[in-house]
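[1] I would like the atomic coordinates for the input below:
(2 chains)
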Amino acid sequence: QSALTQPASMSGSPGQSITISCTGTSSDVGGYNYVSWYQQHPGKAPKFMIFEVSNRPSGVSNRFSGSKSGNTASLTISGLQAEDEADYYCSSYTNTNTLRVFGGGTKLTVL
Amino acid sequence: VPLVESGGGLIQPGGSLRLSCSASGFTFSNYDMNWVRQAPGKGLDWVSYIDSSSGNIYYADSVKGRFTISRDNAKNSLYLQMNSLRAEDTAVYYCARDGGSGWSLDYWGQGTLVSVSS
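    Model (predicted):
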């Protein structure tokens, strides 16, 4: 069981917006603005998409945005495109001895 | 790709394996590093962290006492010594750079597969 809870799967049509949630506790998501998001296509390494809750690294489309409320962080993808079909993982710093935790991942299908 | 892992393979339960990660294109000694694994069909699972000077090291509870992370800044290399391997350690192992911004992992290698089976 992953430390952070994400929906196992979500789907949307091209052009729509979807929001993936990531729920933790006050020891991780709720306690720090250190949530990051990663995109992973099948057979590929994860790609860094969002850091510190809502910041995009250089080169990442502005269709991707992040936010947080309490113990839940969210990744919103607007204007869905076929290439957005992938697995998405959230991660957070944690003040427990494990330092870093991941969510179980969300499989996004673009219909 | 600035990170390249090697050393994976098929190993019997109870055996040992040493993974390496070779870094290029950036000043390796300035960055903290991590190992993250992914079992077949499963999600990402953080394994271990080492800071730039090897002064601070952390492990996931599942590998504590069995795995050892280390680095050689002169060789631009990160290592993971894995002992007492179990079937549940079977996974693709990625090395990942800590980008320095909010505990995020900004660069990942392509991974090396470790299969633990008799």
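[2] tell me the mean pLDDT over stretch B:13-25?
    Mean per-residue pLDDT for stretch B:13-25: 97.
[3] and if you look at stretch A:104-111?
    Rounded mean pLDDT across stretch A:104-111 is 96.
[4] so does that stretch get close to chain B?
    Yes. For stretch A:104-111, a contact with chain B is found by C-beta under 8 Å from any C-beta of the partner chain, at A:104, A:105. C-betas here are computed from N, CA, C, even on glycine.
[5] Pull out the buried residues from that stretch.
    A:104, A:105, A:106, A:108, A:110 (16 or more other C-beta atoms under 10 Å in any protein chain shown).
[6] and what of stretch A:46-64?
    A:46, A:47, A:48, A:49, A:50, A:51, A:52, A:53, A:54, A:56, A:60, A:64.
[7] cool, and stretch B:27-41?
    B:28, B:31, B:32, B:33, B:34, B:35, B:36, B:37, B:38.
[8] JSON lines please, covering the residues you listed and showing secondary structure and pLDDT.
    Output for those, formatted as JSON lines (DSSP: H, G, I helix; E, B strand; the rest coil; pLDDT from 0 to 100):
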{"residue": "B:28", "secondary structure": "helix", "pLDDT": "95"}
{"residue": "B:31", "secondary structure": "coil", "pLDDT": "95"}
{"residue": "B:32", "secondary structure": "coil", "pLDDT": "96"}
{"residue": "B:33", "secondary structure": "strand", "pLDDT": "97"}
{"residue": "B:34", "secondary structure": "strand", "pLDDT": "97"}
{"residue": "B:35", "secondary structure": "strand", "pLDDT": "98"}
{"residue": "B:36", "secondary structure": "strand", "pLDDT": "97"}
{"residue": "B:37", "secondary structure": "strand", "pLDDT": "98"}
{"residue": "B:38", "secondary structure": "strand", "pLDDT": "97"}
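[9] and chain A, which of the residues you listed contact it?
    B:34, B:36.
[10] what's the closest of the buried residues of stretch A:46-64 to residue A:90?
    residue A:50 (8.7 Å; C-beta to C-beta).
[11] Report the mean per-residue pLDDT for stretch B:40-52.
    95.
[12] wait, does it make contact with chain A?
    Yes. Stretch B:40-52 lies within reach of chain A by C-beta under 8 Å from any C-beta, at B:43, B:44, B:45, B:46, B:49.
[13] That stretch: end-to-end distance?
    With C-alpha to C-alpha, to the nearest Å as the measure, stretch B:40-52 spans 30 Å from end to end.
[14] got it, and stretch A:57-77?
    One end of stretch A:57-77 to the other measures 15 Å (C-alpha to C-alpha).
[15] Show me the contact partners of it.
    Contacts to stretch A:57-77, defined as C-beta atoms under 8 Å, 6 or more residues apart in numbering or on different chains, come from residues A:12, A:17-26, A:29-30, A:33, A:35, A:37, A:48-51, A:53-56, A:78-79, A:81, A:84, A:88, A:90, A:92, A:108, B:99, B:106.
[16] Drop anything exposed from the residues you listed.
    Neighbour counting by 16+ other C-beta under 10 Å classes A:12, A:18, A:20-24, A:29-30, A:35, A:37, A:48-51, A:53-54, A:56, A:84, A:88, A:90, A:92, A:108, B:99, B:106 among the contacts of stretch A:57-77 as buried.
[17] Chain B: strands as residue ranges?
    Here chain B has its strands, by DSSP state E, at B:3-6, B:9-11, B:17-23, B:33-38, B:44-50, B:57-59, B:67-72, B:77-82, B:91-98, B:105-108, B:112-116.
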